[in-house]
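Asks: Here's my sequence, what's the structure:
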Amino acid sequence: MPDEAHVVQTNGLHPGLMVYTHPVDQYAWGSTLLSNPTYATAANINPAGSPVLTLIHNGGDTAAWTAAAVSGGGFDFTSTAQAQEGTQSIDASVSVNNDIAGFTAPAPLNPQDFSDLRLYVYFTAFPTQGNKDVEFQWESAGAPVGNAVSIKPYCDTTLFNVWQLVDIPFADFGLGTTPLIDELQIKTVDTGPGNAPDYYLDAVNLVSAAGGSGVERYIFQPGYSEEYNLLGLTLRAYNSSKQKLAPTEFFGLAALANGCVLNYRDKNRVFTSLIFRDVWDMLRIGSVTGNVEPDNGSGATFGIRFNIPSDQLRLDGSKDQYLELIVRDDLTGLDRFMVTLDLEKHTGEL
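Replies: Predicted structure coming up:
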């Protein structure tokens, strides 16, 4: 007789269906906001602060760490072609794969004394073919320590001919058990088709852990035993002097110089990063909706929502995963600004 799908037939026994069972996850819907230990959920703040900086290199405008080519000859350490501060910068526009620049400190440093590596980058090209990157690696006594960190989660590699702030938390380098560092190496990565990235670097600094960092982070992190699916994230602002959502503005403010950063990450690395200086940067991302609710005067409440399919972004507290918004510009021109999350909390299995 013809085969029957999913039917088991044995001599002397009646045919029957073979059934498999799997546990069914249960979830409870909820919502929350990203929050900050100082400002709670209010993100319309000025994060300027007074960070204490240790200069590594600024293109030779100021004497600092010793710069030298470690590999290849693609770095010009006193270029005047572009500059974010002063008149000189580090020119890597002709660097190729595995060209490495080294910056050696006058004396070894304790990495626990610093919170961030901060610099500015200026891209003139960043091809999308193949694997293109700029990597940062700390050294101690001639040997690499911790992790090599890609520049890509910390800036917009599609934004050209403008200086961008790059702020890398020291925790991302994995230097927790490293007693001393004495050299920063920067490497150009260019494998596969297409040309290497063309870029300049300037104002490379360490940020002291003892003072303010000059940025503020708003975070949602599940407890250790908690798991959530993120269903949606909404940026919501109230501006009492604007009633239109202009794409080239940030909720009625002029486009931001540094931009807000939205990260999905754990304590060691960034998985997904979005940087937005204006509404248009937000609208470039798929599954985004916007709305405007005018008030009775001359202002309005604006909302930009990122809709996320179920099970596409899971926050697992046991893996130290969390969401963060990093405010890097003065947002006090907004009357209100916050970030809300729609979540499904995993409550067990049936």
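Asks: and the residue nearest to V207 when sequence neighbours are not counted, how far is that from G214?
Replies: In space, and not counting its chain neighbours, V207 is closest to D116: 4.0 Å by CB to CB, 6 or more residues apart in numbering. Every residue, glycine included, has its C-beta placed from N, CA and C. Counting by CB to CB, to the nearest Å, the separation of D116 from G214 is 9 Å.
Asks: in the stretch 151-300 of the chain, which spans are strands?
Replies: Here the stretch 151-300 of the chain has its strands, by DSSP state E, counting those that start in this stretch, at 163-169, 181-191, 198-208, 216-220, 227-239, 249-250, 253-254, 260-265, 270-276, 288-294, 300-307.
Asks: just checking, what packs against the fourth one?
Replies: What it means is strand 216-220. Other elements packing on strand 216-220 under the criterion 3 or more CB pairs under 8 Å, 6 or more residues apart in numbering; DSSP states H and E are strand 322-327.
Asks: Could you name every residue contacting both of D116 and G214?
Replies: Both D116 and G214 are contacted by V207, under the criterion CB atoms under 8 Å, 6 or more residues apart in numbering.
Asks: quick revisit: report the contact partners of the residue nearest to V207.
Replies: Residues counted as contacts of D116 (CB under 8 Å, 6+ apart) are 167-170, 206-207, 213, 215.
Asks: okay if I get those residues as a markdown table plus neighbour count and distance to I285?
Replies: Below are those laid out as a markdown table (neighbours: other CB atoms under 10 Å; distance: CB to CB, whole Å):
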| residue | neighbour count | distance to I285 |
| --- | --- | --- |
| D167 | 19 | 21 |
| I168 | 20 | 23 |
| P169 | 23 | 23 |
| F170 | 21 | 28 |
| L206 | 25 | 32 |
| V207 | 23 | 29 |
| S213 | 21 | 26 |
| V215 | 23 | 22 |
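Asks: Could you work out the most separated pair of the residues you listed?
Replies: Largest separation among these by CB to CB: L206 and V215, giving 14.6 Å.
Asks: Can you name the residues bridging to T104?
Replies: Beta bridges link T104 to T66, E183, judged by DSSP bridges.
Asks: Could you pull out the helices in the protein for me?
Replies: Read by DSSP state H, the chain holds these helices, from start to end of the chain: 279-283.
Asks: and it, what are its domains?
Replies: Following automatic domain parsing, the chain resolves into domains at 25-49+215-349, 53-208.
Asks: Compare those and say which comes out lowest on pLDDT.
Replies: Here the lowest mean pLDDT among those goes to domain 25-49+215-349, at a mean of 93.
Asks: Now find how far off-centre that one is within its chain.
Replies: On the basis of CA atoms, centre = their mean, to the nearest Å, the separation between the geometric centre of domain 25-49+215-349 and that of its chain is 13 Å.
Asks: Of the contacts of D116, which is the nearest to G72?
Replies: Using CB to CB as the measure, the one of the contacts of D116 that approaches G72 most closely is I168, at 22.9 Å.
Asks: dump the residue contacts of that closest one.
Replies: With contacts defined as CB under 8 Å, 6+ apart, the neighbours of I168 are 116-118, 136, 149, 154.
Asks: any idea which of the residues you listed has the most stuff around it?
Replies: Across the contacts of I168, the neighbour count under other CB atoms under 10 Å reaches its highest value at Y154, namely 25 neighbours.
Asks: For the nearest residue to S208 once chain neighbours are set aside, give me the backbone phi and psi.
Replies: Counting by CB to CB, 6+ apart, the nearest residue to S208 once its immediate chain neighbours are dropped is V52, at 3.8 Å. Backbone torsions of V52, given as degrees, to the nearest 10, read phi -90, psi 120.
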